[in-house]
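Trainee: Sequence plus the predicted model coming up.
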Protein chains: 2
Amino acid sequence: MNTSLQDHIKRFISLDDNQFDRLGDYFERRMLEKKQTLLSEGNACHEMFFVVKGCLQICYIKKNGTEQTIDFAIENWWTSDFMALHSHTLATLTIKAVEKTEVLVLSAFSQKRLFAEMPEMETYFRLIFQRAYAASQRRICLLYEFSREDLYLQFCKNFPAFVQRVPQYLLASFLGFTPEYLSEIRKKNIS
Amino acid sequence: MNTSLQDHIKRFISLDDNQFDRLGDYFERRMLEKKQTLLSEGNACHEMFFVVKGCLQICYIKKNGTEQTIDFAIENWWTSDFMALHSHTLATLTIKAVEKTEVLVLSAFSQKRLFAEMPEMETYFRLIFQRAYAASQRRICLLYEFSREDLYLQFCKNFPAFVQRVPQYLLASFLGFTPEYLSEIRKKNIS
DNA sequence: CGCGACGTTGATTTGCCTCAACGATTGTGG
DNA sequence: CCACAATCGTTGAGGCAAATCAACGTCGCG
């Protein structure tokens, strides 16, 4: 069983050593090469994913044919197409590896067994989702309040390491504007 | 105990009659007049709210002094400043009644006792948050993909009753544009 | 009745997009 | 190891969606 998930769980709940030992039975480890797809739009989605190492891009194809990135998931984040997972509908989102990435896969079936055996894990996931929803609420505030230029400058200030890590066109897509405009912004703020 | 929350809970988990009877002990009923404030930016936030009847506006004041609506909560929705609640920080969001509204208040303290006595309720809230986060993911997709005009037209089509229920300037604020532009859109689509 | 809240209209400005073209860099097969 | 293609970033011209500002109608309420 991977220790980074164990450490993450410890930040929210307490489990004894015996429980930590059994935890490994519920997760499947999966390695992704750069650009490899983890979940494709139009497929069934019965799993959620924990990023151990690397970076995932969550995106979809817009009506006009361009790809829209709606999120990234880096180390210690859970992700999935939660709408598809919750409603048992087909995925509308695609998840791909931005770089070589290691994930832990938790299927809906395993999750059910896990909760039955360790009710504390129900608390863990409640807190994970509460935190994710809270972050999403904040993100919506940012999207409403700031110009694309300000979003970029803030993002650079808050996540300088991450900006180095992903190609610019993905960053532009995530922030909701075109690569061309990103170039313009960068030229203005010579840094 | 209010039956609309009971019905809502039944949609996600099973409780026996005895449990339903005891549920009332954990929630506080509160009535709000139109425009009355439930939570103010800058205050501590130790509670979450379930709308029994009516409508809440979740908003904040932007740097430029204007009010930005980020969400509405109507019948059978939970809301709060979840970032403040989760991180034990001061609220950055304000919650007000759009119309006369009845809410059930669940304090963090009561929630803790509730989970201790009825672990099934942990499942209920995990599902609530998962659903809320999923909806938020979808909402972000919409914000990226569509023009303001399209957002308005879609909203009118999907929630015609709700459009009648709130003043136009709130709708404009929620959809992320100005009341003036909403007028323009409405004129164009004579309906 | 008169004031304040809400909605409308029009003129002007701007943030950001689209399209097209051109460097720079990376990767890949011969 | 080089040639060539593909991917990625930059630049500039032109255009449109939506904001801003100011002014004016209208309705409901104290």
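Mentor: Cool, got the structure. Numbers count the residues shown, from 1 in each chain, chains lettered A, B, ... in the order given.

Trainee: So for A:E145, what's the nearest residue that isn't a sequence neighbour?
Mentor: B:K62 (5.2 Å; CB to CB, 6 or more residues apart in numbering or on different chains). For every residue, glycine as well, the C-beta is placed using N, CA and C.

Trainee: actually A:K188, not the one I typed
Mentor: That would be A:E149: by CB to CB, 6+ apart, it lies 7.8 Å from A:K188.

Trainee: Quick check: buried residues in whichever strand or helix holds that neighbour?
Mentor: Using DSSP states H and E, A:E149 sits within helix A:148-158. Of all the residues in helix A:148-158, those buried under the rule 16 or more other CB atoms under 10 Å in any protein chain shown are A:148-149, A:151-153, A:155-156.

Trainee: Stretch A:131-141 now?
Mentor: Under the neighbour-count criterion of 16+ other CB under 10 Å, stretch A:131-141 has A:131-138, A:140-141 buried.

Trainee: Over to stretch A:118-134?
Mentor: Buried-residue list, stretch A:118-134, by 16+ other CB under 10 Å: A:118, A:120-134.

Trainee: What of stretch A:30-40?
Mentor: For stretch A:30-40, using 16+ other CB under 10 Å, the buried residues are A:32, A:38-39.

Trainee: now stretch A:74-89
Mentor: Quick answer for stretch A:74-89 (16+ other CB under 10 Å): A:74, A:77-86.

Trainee: Just flag the most distant two among the buried residues of stretch A:118-134.
Mentor: By the measure CB to CB, A:M118 and A:A134 form the most distant pair in the buried residues of stretch A:118-134, at 24.4 Å.

Trainee: Identify the residues contacting the residue nearest to A:S14 when sequence neighbours are not counted.
Mentor: Once flanking residues are discounted, A:S14 sits nearest to A:E120: 7.3 Å by CB to CB, 6+ apart. Shown in contact with A:E120 (CB atoms under 8 Å, 6 or more residues apart in numbering or on different chains): A:13-15, A:19.

Trainee: any idea how far DNA strand D is from the spatially most central residue of chain A?
Mentor: For chain A, the residue nearest the mean C-alpha position is A:A73 (2.8 Å; CA atoms, centre = their mean). Relative to DNA strand D, A:A73 is positioned 19 Å away (CB to the nearest atom of the strand, to the nearest Å).

Trainee: now A:M118
Mentor: Applying CB to the nearest atom of the strand to A:M118 and DNA strand D gives a distance of 42 Å.

Trainee: same check, this time on A:S4
Mentor: Taking CB to the nearest atom of the strand, one finds A:S4 at 27 Å from DNA strand D.

Trainee: helix/strand/coil for A:K34?
Mentor: What DSSP: H, G, I helix; E, B strand; the rest coil gives for A:K34 is coil.

Trainee: list the contacts for it?
Mentor: Contacts of A:K34 (CB under 8 Å, 6+ apart): A:97-100.

Trainee: Give me the three-state assignment for A:I190.
Mentor: Criterion first, three-state DSSP; result for A:I190: coil.

Trainee: Tell me which two in the buried residues of stretch A:74-89 are the farthest apart.
Mentor: Among the buried residues of stretch A:74-89, A:I74 and A:H86 lie farthest apart (CB to CB), at 23.2 Å.
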